[in-house]
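Chemist: Sequence isn't available, so here's the structure alone:
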């Protein structure tokens, strides 16, 4: 299996803030652990001289977009498709990815990753869900439509993983430690 690992973080657009605080030490730990880790972020981060490296600006219009665009199913599908296209384009020119790591992903971002993985070669896929399933970044956390959208996205991830032979893990999966992926990624409460 290839040791190339991609951290998928479409909302990482600046070297200031919690995305940088997670990704910078994560890249360092993964690379020290023998992975060839790289960060796929918002394209704006490429121009930031303080950004963590290695870095590839892949995403545009896939970060923390206006929740009104993705809190209903049609908008979630449209933005998920945009992210899928950007992942497909970035993947076309490189070597095979052995592991995909996603944290802090919103439902439309999970759906975009799922759509990409539906055609990607088998790999390990590690998710750490920071947001509650009903999160909209604007409305109460118990938003019913947002919860349903998250279920759709997670079901798409499970289906894509089963169809393509991906090993779908989360930070609480016992096999995470034996996979060599970092156990330092946890869900927030």
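Modeler: Right, received. Where do you want to start? Note that the coordinates shown come from a computational prediction; the quantities given were computed from them, not determined experimentally.
Chemist: residue ranges of the helices in the protein, please?
Modeler: Taking DSSP state H, the helices of the chain run over residues 18-32, 67-70, 73-92, 107-117, 144-164, 175-179.
Chemist: shaky segments in this protein?
Modeler: 1-2, 139-142, 170-189 (pLDDT under 70).
Chemist: Just give me the longest strand of it.
Modeler: strand 36-42 (DSSP state E).
Chemist: Could you list every helix and strand in contact with that strand?
Modeler: Packed against strand 36-42, as judged by 3 or more Cβ pairs under 8 Å, 6 or more residues apart in numbering; DSSP states H and E, are the following elements: strand 4-8, helix 18-32, strand 55-59. In short, each C-beta sits where N, CA and C put it, glycine included.
Chemist: Show me the contact partners of that strand.
Modeler: Strand 36-42 is contacted from outside by 2-13, 19, 23, 26-27, 30-31, 51-60, 62-63, 87, 90, using Cβ atoms under 8 Å, 6 or more residues apart in numbering.
Chemist: still on that earlier bit, quick one: closest of the helices of the chain to residue 46.
Modeler: helix 73-92 (12.3 Å; Cβ to Cβ).
Chemist: Just want the angle from the closest one to helix 144-164.
Modeler: With axes from the mean of the first three to the mean of the last three Cα atoms, to 10 degrees as the basis, helix 73-92 and helix 144-164 are set at 40 degrees to each other.
Chemist: Output the contacting helices and strands for helix 73-92.
Modeler: Under the contact criterion of 3+ Cβ pairs under 8 Å, 6+ apart, helix 73-92 touches strand 55-59, helix 67-70, helix 107-117, helix 144-164.
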